[in-house]
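A.B. asks: below are the sequence and a predicted model for it; my questions follow.
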Amino acid sequence: MNYLLISELAPDFLIQGFGLHQDENQCYVGKVGGQEIQLLSSIDDLQSDQTDIKILSVGFTEASQNFRPGDVLMTGSDDLLDRAFQAMDELEQRGVVVSLASPQDPTHLYLAKEQMDPFVQKWRSRKISFLCLWMVDPIESEGQAKLVSILRKVLSKEKSNDK
């Protein structure tokens with residue numbers, strides 16, 4: 001099982017936070033909590049025929065009437081969302097589940113990320129495990145560290161669930 005990491009942000013904090021190194025193909029790779037992880041330079045590098053993968057995506061969004069600076073917004077498959085909630089509880093981080101499709105139900109919070117929606121729909125239809133995390137601006141080093149901590153905990157929970 002490989003994890004593919006995609007970032008809308010400059011990836012330096014992920015490379016450093018996960019201790020990734022360049023392989024012979026100039027891709028950043030590493031192991032986190034016993035899990036193989038590869039950083040993709042863009043979502044377009046994701047090959048549509050890849051199987052046996054899990055996708056972790058990080059990015060940012062602007063504050064609105066529903067979201068406060070420092071909130072982490074997320075969407076994903078149930079398995080990874082559960083682990084993200086556990087990780088956020090441990091870190092005392094506020095997490096908000098959002099929908100990328102304009103909701104019919106007014107109780108769902110909507111996040112306008114049009115460029116991500118087709119990918120998310122495809123991952124759902126192919127039953128690929130994925131987790132998208134968006135930090136509400138401003139994203140400073142503290143916010144980047146939170147994203148790395150959440151992802152580290154999600155990856156380490158994978159290991160403990162496999163036993």
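C.D. replies: Happy to help now that I have it.
A.B. asks: for this structure, give me the ranges with low pLDDT.
C.D. replies: Across the chain, the ranges flagged by pLDDT under 70 are 1, 158-163.
A.B. asks: for the residue nearest to Phe67 when sequence neighbours are not counted, name its beta-bridge partners.
C.D. replies: Once flanking residues are discounted, Phe67 sits nearest to Val136: 4.8 Å by CB to CB, 6 or more residues apart in numbering. For every residue, glycine as well, the C-beta is placed using N, CA and C. Beta-bridge pairing of Val136 under DSSP bridges involves Thr61.
A.B. asks: residue contacts, Val136?
C.D. replies: Phe60, Thr61, Glu62, Ala63, Phe67, Arg68, Pro69, Gly70, Asp71, Val72, Leu73 (CB atoms under 8 Å, 6 or more residues apart in numbering).
A.B. asks: buried subset of these, written for PyMOL?
C.D. replies: Buried subset of these, written as a PyMOL selection, criterion 16 or more other CB atoms under 10 Å:
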select buried, resi 60+61+67+70+71+72+73
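A.B. asks: any idea how far the residue nearest to Phe67 is from Met88?
C.D. replies: Applying CB to CB, to the nearest Å, the value for Val136 to Met88 is 14 Å.
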